[in-house]
Structures are given as C-alpha cells and as structure tokens.
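Undergrad: Provide a 3D model corresponding to the input given below.
(2 chains)
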Amino acid sequence: NAGVTQTPKFQVLKTGQSMTLQCAQDMNHNSMYWYRQDPGMGLRLIYYSASEGTTDKGEVPNGYNVSRLNKREFSLRLESAAPSQTSVYFCASSYRGFYEQYFGPGTRLTVT
Amino acid sequence: GQQVMQIPQYQHVQEGEDFTTYCNSSTTLSNIQWYKQRPGGHPVFLIQLVKSGEVKKQKRLTFQFGEAKKNSSLHITATQTTDVGTYFCGSGAGSYQLTFGKGTKLSVIP
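TA: Coordinates of the predicted model:
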C-alpha cells in the first residue's frame, strides 16, 4: 500500500516549456487534489476532482490544467511554464470531501 | 473554502516548554483539520474537529474547537525535538475546497 505517489520528485524547466506532473493513489479514494506550496503562503489549492470524471478550479488555477485519468490517477499539466510557477507541488486524496486528506511526497519544480 | 488566519507564524521554544498555535476566522467554520509537516516532508493529517466546543487529545497534543466555531487551537505539552515542523489548520465549507492557514513553524531548542 504505497498511499499517494508523485512523479517526478524534482524538475527544472525553462520558461515556456511544458510538463505533466503525475499523481496516483491506491486507497480507492474518490477525491483528489493538487496544491502548490510557496514559502510563507501555506498550501493553495490549484484544482481538485471530487470524483472520477469531474474536475474543478481551486484558488489558483491559472496556468494549469488537470486530467482525472481514472479513479487512481490525477495529473497536473503546465502548458507554458513561467518562473512564478516555481514551487513545491503536492497531490492529495481523500475518501471524499470533508474527510482527511493524504498527501504525496511532493514535486519540487524550478522554472528558470 | 473558508478563510482562516493562523498565528503565530513562527515559534521557538526550549525543549520541555509548551507550544500553542491558533487558527481564527471571521466566519463560522464547518470543520477544522490539523496537519503537521516535517521539514522537507509532506503534510500529514493529525485530527478533525467538527462540533462546537470539541476537545480532542492525542498524547501530548490537545486540539480545541471554539464554542462559536470561529477559532481552534493546537497545544503541545512539554515539547520534544520530534515536534519540530510546521503545523497547518484547514477548513472547508462542507465542500472539497479545504482552505489552509499559512502555518506555524515550530522550532525546538534542545
């Protein structure tokens, strides 16, 4: 039982490049989330998926897209990376909304 | 989500001293969740409070939800070096959008 896994762990991009962050959970959770964490800013929700087949914007969705590929997998795509997207990205899952969230180990992304 | 303010932003304590972090809102909160993030790690769920005036304990940690459901606190008795990390509160409006406070970073001086 791996919980929530994320790939890659680290990534360096140049401005304008694109990439997809992968997230998978093996807890049969319905809901999945993408957060970014910046120093002094706490955790901010980018997008979430309440259940398979649905996605919704969070607090800071601009510059990102998501895909809920199936119940296990939820990916985050940066189409044209910008230095302002330098951050640590966490994926999380929960049985459903209002339940505790389980976080992955994070992806540390630097955009130069 | 519901806006929550967390104080203090930083706290340095001597090992063995107590520590408290507070989570405040101007509106009534549906629930409060508390998470701990060790340096370089990911947030780990500690507890959820839902009822007005609720108090829960986990060993040296005591969690409280205010009577008006507008504030919450996490108190650690006799801190240890293993308590080092950032403590976050988060609240949702019974929805999926959990809004987190900015966290309190705890340093413990041995």
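Undergrad: ranges for the strands of chain A?
TA: A:4-7, A:10-13, A:19-25, A:31-38, A:42-49, A:56-57, A:64-68, A:74-78, A:87-94, A:102-103, A:107-111 (DSSP state E).
Undergrad: Need the ones you listed in a markdown table (columns: mean neighbour count).
TA: Backbone N, C-alpha and C define where each C-beta goes, glycine included. Shown next, in a markdown table, are the strands of chain A (neighbours: other C-beta atoms under 10 Å in any protein chain shown):
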| stretch | mean neighbour count |
| --- | --- |
| strand A:4-7 | 18 |
| strand A:10-13 | 14 |
| strand A:19-25 | 19 |
| strand A:31-38 | 24 |
| strand A:42-49 | 22 |
| strand A:56-57 | 14 |
| strand A:64-68 | 18 |
| strand A:74-78 | 20 |
| strand A:87-94 | 23 |
| strand A:102-103 | 20 |
| strand A:107-111 | 18 |
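Undergrad: and B:Thr20, which of the ones you listed is closest to it?
TA: strand A:42-49 (18.5 Å; C-beta to C-beta).
Undergrad: Adjacent strands (with direction) for that closest one?
TA: Counting by DSSP bridges, the strands paired with strand A:42-49 are strand A:31-38 (antiparallel), strand A:56-57 (antiparallel).
Undergrad: CSV for the strands of chain A, including mean pLDDT?
TA: As requested, those are exported to CSV (pLDDT from 0 to 100):
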stretch, mean pLDDT
strand A:4-7, 98
strand A:10-13, 97
strand A:19-25, 98
strand A:31-38, 96
strand A:42-49, 94
strand A:56-57, 94
strand A:64-68, 97
strand A:74-78, 98
strand A:87-94, 97
strand A:102-103, 98
strand A:107-111, 97
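Undergrad: measure the residue lying closest to A:Val66 once chain neighbours are set aside to A:Asp38 for me?
TA: Excluding the flanking residues, the one nearest A:Val66 by C-beta to C-beta, 6 or more residues apart in numbering or on different chains is A:Tyr47, at 4.3 Å. To A:Asp38, A:Tyr47 is 17 Å away according to C-beta to C-beta, to the nearest Å.
Undergrad: May I have the beta-bridge partners of the spatially most central residue of chain A?
TA: Nearest to the geometric centre of chain A sits A:Trp34, at 3.0 Å (C-alpha atoms, centre = their mean). Here A:Trp34 sits in beta bridges with A:Tyr47, A:Cys91, going by DSSP bridges.
Undergrad: so who does it touch?
TA: A:21, A:23, A:45-48, A:58, A:64, A:66, A:74, A:76, A:89-92 (C-beta atoms under 8 Å, 6 or more residues apart in numbering or on different chains).
Undergrad: Out of those residues, flag the one nearest to B:Thr82.
TA: A:Phe90 (22.2 Å).
Undergrad: I'd say B:Lys102 and A:Gln37 touch.
TA: No - under the criterion of C-beta atoms under 8 Å, B:Lys102 makes no contact with A:Gln37, lying 10.3 Å away.
Undergrad: Which residues outside stretch B:56-76 are in contact with it?
TA: B:18-30, B:32, B:34, B:46-47, B:49-55, B:77-78, B:80, B:83, B:87, B:89, B:106.
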